[in-house]
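Enquirer: turn this into a structure:
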Amino acid sequence: MNNVSTKLYTFEQYFLKNSSQAGRLHGWLEEAWLPAYTRLTGSKSALVLDGVVTEHMPQVAVVAEWDSFAQWQQARLSMRSDPDMRAALEYWEDHAEPPYEHFTQSLLEGTPYSPVLEAGGEKPRVFELRVYHAPTWRQLHALHERFENPEIAIFHRCGIHPVLYTSALFGQMMPNLVYFTPFDSLGAREAAWAKFQADEEWIRVRTASVAEHGQINAFFKVALYKAAAYSPVK
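Expert: A predicted model of the protein is given here:
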């Protein structure tokens, strides 16, 4: 596959109150964090998301691309020492209530068959996050093999076009496959998945996979987000 991804990605989830926290967080991300990230990495491949249907609402999530673990570490140090970033952080946090309830961070590794996360999109789309937990590393390997060939081809035929496939190096529900799929609308998502579930080739592939490897997707988590208007990847 051309233009495959071998990069690392941080996935941050900010869990918020129904208050001014979301607006303040978006202001900081758009005006301070995103310009600094772009300047330090030369990358525009970041995805900023608002929760639509998630385990905690409201929620803001950020996916950021890194060439290496060292680049991520250096960027963190540079942001912490930069006077403008420190002033922006102090302004964000200087409020009667905390900036968020809490946040989590996972480090994801792009799979060999993942497309490169690219900036673009005319308008914000709905993004579906799926996390598939495999019972063993052996079964995760089988899950990756099934996705690479033939599942992705079936996805595309059914109108499902993920922009990023990863596995967590550090995070929850390991070992796992984590991927992000945009849809123009919730209706388009529903129609695409209905077509996929009824696809005759997919039914044969799934049956053969379970017979050979067992249930390689023990359970999964789904969350729906919408890209922020200023997100480089929309």
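Enquirer: now for the helix or strand of the chain with the lowest mean pLDDT, which elements pack on it?
Expert: Least confident element among the helices and strands of the chain, by mean pLDDT, DSSP states H and E: helix 83-93 (a mean of 91). In terms of contacts (3 or more C-beta pairs under 8 Å, 6 or more residues apart in numbering; DSSP states H and E), helix 83-93 is packed against helix 21-28. All C-beta atoms are positioned from the backbone trio N, CA, C, and that covers glycine.
Enquirer: so where's the chain uncertain?
Expert: 1-5 (pLDDT under 70).
Enquirer: so which residues of it form strands?
Expert: 8-15, 46-53, 59-66, 102-110, 126-133, 164-170, 176-183, 219-227 (DSSP state E).
Enquirer: can you give me the domain assignment for the protein?
Expert: Structural domains annotated on the chain: 8-109, 126-225, as defined by automatic domain parsing.
Enquirer: what about those domains, which gets the closest to Ala119?
Expert: Minimum separation from Ala119 across those (C-beta to C-beta) falls at domain 8-109, 4.1 Å.
Enquirer: hmm, back to that, how about CSV for the strands of the chain, with mean neighbour count added?
Expert: Formatted as CSV, these follow (neighbours: other C-beta atoms under 10 Å):
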stretch, mean neighbour count
strand 8-15, 20
strand 46-53, 21
strand 59-66, 23
strand 102-110, 17
strand 126-133, 21
strand 164-170, 20
strand 176-183, 23
strand 219-227, 16
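Enquirer: a markdown table for those, including distance to His144?
Expert: Conversion of the strands of the chain to a markdown table gives the following (distance: least, C-beta to C-beta, whole Å):
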| stretch | distance to His144 |
| --- | --- |
| strand 8-15 | 16 |
| strand 46-53 | 22 |
| strand 59-66 | 20 |
| strand 102-110 | 11 |
| strand 126-133 | 10 |
| strand 164-170 | 8 |
| strand 176-183 | 7 |
| strand 219-227 | 15 |
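Enquirer: still on that earlier bit, and Val233, which of the domains of the chain is closest to it?
Expert: With C-beta to C-beta as the criterion, Val233 lies closest to domain 8-109 of the domains of the chain, at 4.2 Å.
Enquirer: can you tell me the distance between the two ends of that closest one?
Expert: Terminal residues of domain 8-109 are spaced 5 Å apart (C-alpha to C-alpha, to the nearest Å).
Enquirer: ramachandran coordinates for the residue of the chain positioned farthest from its centre?
Expert: Among residues of the chain, the one most distant from the C-alpha centroid is Ala96; the distance is 31.0 Å, by C-alpha atoms, centre = their mean. In terms of degrees, to the nearest 10, the main-chain angles of Ala96 are phi -60, psi -30.
Enquirer: show me what contacts the nearest residue to Asn18 once chain neighbours are set aside?
Expert: If the residues on either side of it in the chain are set aside, Asn18 comes closest to Pro58, at 6.4 Å by C-beta to C-beta, 6 or more residues apart in numbering. Taking C-beta atoms under 8 Å, 6 or more residues apart in numbering, we find Pro58 in contact with 16-18, 21-22, 50-51.
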